[in-house]
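Peer 1: I'd like to go over a predicted model; first the sequence, then the structure.
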Amino acid sequence: MSKYIAAIDQGTTSTRCILFNHQGNIVSVGQKEHEQIYPQPGWVEHNPEEIWKNTLEVIAISRIKASATAADIAAIGITNQRETTVVWNRRTGKPYYNALVWQDTRTTDLVSKYEKEGGLNQFRDKTGLPVSTYFSGLKLKWLLENVEGLRGDAEKGEALFGNIDTFLIWNLTGGGHGGIHVTDVTNASRTQLMNLRTLQWDQEMLDAYNIPSLMLPEIKSSSEVYGTVSNEVLPGVPVAGILGDQHAALVGQTCFEPGMAKNTYGTGCFLVMNTGTELKMSENGLLTTIAYKFGNEPVQYALEGSVAVTGALVQWVRDNLGLIKKSSDIESLAKTVEDNGGAYFVPAFSGLYAPYWRNDARGVIAGLTRYVTKGHIARAVLEATAYQTLDVVNAMEQDSGIKLSSLRVDGGMVLNQLLMKFQADMLNTQVVSPAVAETTALGAAYAAGLAVGYWKNTDELKSNWAIAHTWNPDMEGEKRDALYRGWQKAVTKSYAWMD
């Protein structure tokens, strides 16, 4: 039996390849950052060719570190930044344009147009999603309308579309020489072009956004053998798992029962709750999405609350304000004070996501007095992440009718003890982090491993899960309520900034 499963974790800021063993432990990691491209305010792009080159490099690095051959690897799983949109030529493999990143807001005018014509929720019953700059469908529409020659090629079947998972798999399995053009249900559910009930591309959505169906990848389950790697990095290894990053983290945290939830603290924050085989439409500003689908088993649905700016706010304080030298310094700076000094930071840099969905909002710092120091600002920065998470949890509990018993957490910010303790206090519930912190990559590995029999079933995966740390709440209710009231007031001050 092969020793390892490989997972490619293609994220917003970097690409990694991680090898896992049967216990779900990390054997080796290769990682490389890619350039963030900002052509104008609100526009965020990545170079797909740089990401592909980096993917090959990190696979090689992780293999070399583990002294692993292709024969040692049972399968490869892919997890990716969702909604980030790529179009490329079927014959040459060349992208027509840079990838439009999920954070990109150039489609704001299109959102306004659809809002006037039928409201932001006009497609929610089919897709689970509001009309927003966030999802791939409108990004693809923008590319078709603004990139010369693309629409003509798309209508002839020469131009291919995909989120990053699709682009990488096409290249891994042969590219212009027989590359497989597929995605899974989780990524497809983030395009706003898939029907949540049929799990197929929805013709009415394609008509509404004027998108040729010939561009679209075939929709598959999250765990099956799609094809094999055709190049020298992992020759012959089956590509057998695809999960969008947040869905992968849900799987990596083994949240296989309805009501189980995880929150990933990264560039943004993504809280996902498994609702089982039941499709629950949100009445509180959350997204209805696919949790995962393993092979021929029934699809599992989820509710998701997305917060655009959490870890990115710490980076902004580091890079734009220069208050700290490295991101981890935010905790020690915040610890120089006892509380936020009355200051609140609402990081609505590109509008507010769940549960508000305000494209007209922009960032504000509220409650400033002469008393406030950079320590209070640092604390307000960290607290913003916890408040935004509480907003989403409240909405989730209302939609699902399920009270959160504990929150499983992962991502880079989980190392911040001050934040995690404050999170437990604000939620008034236990916050738990797992022994293996790389849950996103682990979820992709699990999906691939299940497909090839490396792991027998989800019970085997659950037995791998172990707790690294638990934070328990001990804040008085009155204080919690007062802090949250201040936050809610500050949020309203960010509204209607953009006309």
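Peer 2: Perfect, thanks for sending it. Residues are numbered from 1 along each chain as shown.
Peer 1: point out where this protein drops to low pLDDT.
Peer 2: 1 (pLDDT under 70).
Peer 1: okay, domains of it per the record?
Peer 2: According to the TED database, the chain comprises the domains 4-246, 254-434+466-498.
Peer 1: which of these sits closest to residue 457?
Peer 2: With C-beta to C-beta as the measure, domain 254-434+466-498 is the member of the domains of the chain nearest residue 457 (9.4 Å). In this view, the C-beta of every residue, glycine as well, is placed from N, C-alpha and C.
Peer 1: and the closest one, how far apart are its ends?
Peer 2: 41 Å (C-alpha to C-alpha, to the nearest Å).
Peer 1: check the offset of it from the chain's centre.
Peer 2: Chain-centre distance of domain 254-434+466-498: 14 Å, with C-alpha atoms, centre = their mean, to the nearest Å.
Peer 1: in TSV: the domains of the chain, plus distance to residue 451.
Peer 2: As requested, the domains of the chain are arranged in TSV below (distance: least, C-beta to C-beta, whole Å):
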stretch	distance to residue 451
domain 4-246	4
domain 254-434+466-498	7
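Peer 1: pretty sure residue 386 contacts residue 419?
Peer 2: Yes - if you go by C-beta atoms under 8 Å, residue 386 and residue 419 touch, sitting 6.4 Å apart.
Peer 1: phi, psi of the residue nearest to residue 164 when sequence neighbours are not counted?
Peer 2: Of all residues not flanking residue 164 in the chain, residue 80 sits nearest, at 4.2 Å (C-beta to C-beta, 6 or more residues apart in numbering). Backbone torsions for residue 80, taken as degrees, to the nearest 10, come to phi -150, psi 160.
Peer 1: contacts only, for residue 80.
Peer 2: Shown in contact with residue 80 (C-beta atoms under 8 Å, 6 or more residues apart in numbering): 9-11, 163-165, 168, 187, 244-245.
Peer 1: of those, which is the most crowded?
Peer 2: residue 244 (33 neighbours; other C-beta atoms under 10 Å).
Peer 1: the residue nearest to residue 164 and residue 494, how far apart?
Peer 2: 30 Å (C-beta to C-beta, to the nearest Å).
Peer 1: now the contacts of residue 80 in CSV, with secondary structure?
Peer 2: CSV is the format used below for the contacts of residue 80 (DSSP: H, G, I helix; E, B strand; the rest coil):
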residue, secondary structure
9, strand
10, strand
11, coil
163, strand
164, helix
165, helix
168, helix
187, helix
244, strand
245, helix
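Peer 1: just give me the closest of the residues you listed to residue 303.
Peer 2: residue 244 (14.9 Å).
Peer 1: ok, that closest one - contacts?
Peer 2: Residue 244 touches 79-80, 82, 163, 165, 184, 186-187, 189-190, counting by C-beta under 8 Å, 6+ apart.
Peer 1: to residue 441, which of the domains of the chain lies closest?
Peer 2: Closest of the domains of the chain to residue 441 is domain 4-246, at 4.1 Å (criterion: C-beta to C-beta).
Peer 1: how about residue 207, phi and psi?
Peer 2: Per-residue torsions, residue 207: phi -70, psi -40 (degrees, to the nearest 10).
Peer 1: ok, which stretches of the stretch 251-400 of the chain are helices?
Peer 2: For the stretch 251-400 of the chain, the helices defined by DSSP state H, counting those that start in this stretch cover 311-316, 329-334, 374-400.
Peer 1: and the contacts of the first one?
Peer 2: The one in question is helix 311-316. Residues contacting helix 311-316 (C-beta under 8 Å, 6+ apart): 265-268, 309, 324, 327, 330, 345, 347, 349, 381-382, 384-385, 411-413.
Peer 1: what about the residue nearest to residue 190 when sequence neighbours are not counted, neighbour count?
Peer 2: Spatial nearest neighbour of residue 190, chain neighbours left out: residue 82 (4.5 Å); criterion: C-beta to C-beta, 6+ apart. Residue 82 is flanked by 27 other residues according to other C-beta under 10 Å.
Peer 1: please point out which parts of stretch 463-482 sit buried.
Peer 2: Going by neighbour count (16 or more other C-beta atoms under 10 Å), the buried part of stretch 463-482 is 464-465, 471, 473, 480.
Peer 1: repeat for stretch 486-499
Peer 2: So for stretch 486-499, counting by 16+ other C-beta under 10 Å, buried means 486-487, 490-491, 493-495.
Peer 1: just the ones of those in helices?
Peer 2: 486-487, 490-491 (DSSP state H).
Peer 1: check the spacing between residue 58 and residue 211 real quick.
Peer 2: Residue 58 sits 32 Å away from residue 211 when distances are taken as C-beta to C-beta.
Peer 1: what do you get for residue 359?
Peer 2: Where residue 211 is concerned, residue 359 sits at a distance of 22 Å (C-beta to C-beta).
Peer 1: one step back: so which of the domains of the chain gets nearest residue 443?
Peer 2: Nearest of the domains of the chain to residue 443, taken as C-beta to C-beta: domain 4-246 at 5.6 Å.
Peer 1: what's the end-to-end length of that closest one?
Peer 2: 23 Å.
Peer 1: chain center to that domain: distance?
Peer 2: Domain 4-246 has its C-alpha centroid displaced from the chain centroid by 12 Å (C-alpha atoms, centre = their mean).
Peer 1: okay, now residue 76: neighbour count?
Peer 2: Residue 76: 28 neighbours (other C-beta under 10 Å).
Peer 1: the residue lying closest to it once chain neighbours are set aside: which element?
Peer 2: Spatial nearest neighbour of residue 76, chain neighbours left out: residue 6 (4.5 Å); criterion: C-beta to C-beta, 6+ apart. Using DSSP states H and E, the element containing residue 6 is strand 4-10.
Peer 1: and the helix or strand just after that strand, which strands flank it?
Peer 2: Once the chain leaves strand 4-10, the next helix or strand it forms, by DSSP H and E, is strand 14-20. Neighbouring strands of strand 14-20 in its sheet, by DSSP bridges, are strand 4-10 (antiparallel), strand 26-33 (antiparallel).
Peer 1: of all these, which one comes closest to residue 228?
Peer 2: Once the strands paired with strand 14-20 are compared by C-beta to C-beta, strand 4-10 is nearest, at 12.9 Å.
Peer 1: what sits against residue 414?
Peer 2: Applying C-beta under 8 Å, 6+ apart to residue 414 gives the contacts 265, 420, 433, 437.
Peer 1: could you redo the buried residues of stretch 463-482 as CSV and give each row distance to residue 19?
Peer 2: Shown next, in CSV, are the buried residues of stretch 463-482 (distance: C-beta to C-beta, whole Å):
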residue, distance to residue 19
464, 15
465, 19
471, 30
473, 37
480, 43
